[in-house]
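Visitor: below: sequence and its predicted model.
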Amino acid sequence: MRDKSYIWISFIVLIFGIWAVPKIIKKFEKPDLILIGAAPEFELIDQNQKKITNKNYEGKVYVLEFFFANCPTICPIMNQNMLKLQEEFYGNLKFGIASITIDPLRDTSEALKHHAEELGVKLPFWHMMTGDSKYIFELSNKFNLYAGANPEAPGGFEHSGLFALIDKEGNIRCRKDENGNPIVYYDGTADEGIKMIKEDIKLLLGE
């Protein structure tokens with residue numbers, strides 16, 4: 001009888017192991033998103049005149065962009081797409097947005113507060129930030145998200161329409177394209193780019 005009981009117990013343990021081990025492994029696996037590297041550090045002032053650094057986003061998944069409030073071209077589209085992210089993740093205190101102006105002379109903290117109110121910013125961790133022009137342009141270069149002054153461009157500036165996705169540990173993350181290469185950044189002006197970043201934010205929030 002003991003031998004039969006032992007066999008049955010061993011069989012049950014084996015079956016449980018086959019069922020449980022993959023689930024345990026999956027729990028500790030990171031989502032299949034590429035790690036590009038640590039996001040550059042920054043220190044700026046937000047729309048509430050508070051000093052904000054990358055440390056304010058520790059433990060949060062966040063999306064970062066460079067924009068300016070008076071932009072007449074792609075920024076309004078980017079703004080509306082950020083609002084879609086706000087709507088999707090509103091109430092989740094592990095999600096945030098970092099919007100950094102490239103026109104700090106006009107985009108003071110007061111101007112950004114007005115812009116945020118007009119836009120409908122409600123997310124607690126959506127900081128619209130300003131600072132020194134040279135510092136901000138250097139920061140955009142560190143992120144490899146192009147931004148620059150151009151008197152001939154609409155609004156006087158030109159910049160990338162891409163969004164950076166940053167994980168809870170402060171690393172830039174992204175998915176692969178159809179050829180297996182990292183996309184690095186997400187198109188903040190396209191519905192497909194927003195669909196992809198929503199999916200990948202959910203993955204990172206689950207880590």
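Guide: Cool, the structure landed.
Visitor: pLDDT wise, what is the closest residue to I166 other than its chain neighbours at?
Guide: Excluding its sequence neighbours, the residue lying closest to I166 (C-beta to C-beta, 6 or more residues apart in numbering) is A39, at 4.9 Å. C-beta: built from backbone N, CA, C; applies to glycine. For A39, the pLDDT comes out at 98.
Visitor: show me the contacts for A39.
Guide: 54, 64, 143, 164, 166, 170-172 (C-beta atoms under 8 Å, 6 or more residues apart in numbering).
Visitor: go with 7 Å
Guide: 54, 164, 166, 170-172 (C-beta atoms under 7 Å, 6 or more residues apart in numbering).
Visitor: and what about the residue nearest to K51 when sequence neighbours are not counted, helix, strand or coil?
Guide: When the adjacent residues along the chain are set aside, K51 lies closest to I45, with 6.0 Å between them (C-beta to C-beta, 6+ apart). At I45 the chain is in strand, as set by DSSP: H, G, I helix; E, B strand; the rest coil.
Visitor: give the bridge partners for P182, please.
Guide: Beta-bridge pairing of P182 under DSSP bridges involves K176.
Visitor: before we move on, the earlier item: isn't the residue nearest to K51 right up against T130?
Guide: Yes: using C-beta atoms under 7 Å, I45 is in contact with T130, at 5.7 Å.
Visitor: which one's more surrounded, the two?
Guide: T130 (27 against 18; other C-beta atoms under 10 Å).
Visitor: check contacts around the more buried one.
Guide: 44-45, 101, 104, 107-109, 112.
Visitor: so which of those is the most crowded?
Guide: T101 (29 neighbours).
Visitor: next up, the contacts around that one.
Guide: 67-69, 107, 112, 129-130.
Visitor: got the phi and psi for it?
Guide: phi -80, psi 150 (degrees, to the nearest 10).
Visitor: cool, and M82?
Guide: Torsion angles, degrees, to the nearest 10, at M82: phi -60, psi -40.
Visitor: the helices in the protein, which residues?
Guide: 2-28, 75-89, 109-119, 133-143, 191-205 (DSSP state H).
Visitor: now do V184, the pLDDT please.
Guide: 98.
Visitor: can you get me a residue count around the residue lying closest to it once chain neighbours are set aside?
Guide: In this structure, V184 finds its nearest non-sequential neighbour in C174, 5.3 Å apart by C-beta to C-beta, 6+ apart. When neighbours are counted by other C-beta under 10 Å, C174 registers 20.
Visitor: what sits against L205?
Guide: Contacts of L205 by C-beta under 7 Å, 6+ apart are 61, 92, 94-95.
Visitor: that one and A116, how far apart?
Guide: 23 Å (C-beta to C-beta, to the nearest Å).
Visitor: before we move on, the earlier item: farthest pair within the contacts of T130?
Guide: Spatial extent of the contacts of T130 (C-beta to C-beta) is set by the pair L44 and T108 at 12.2 Å.
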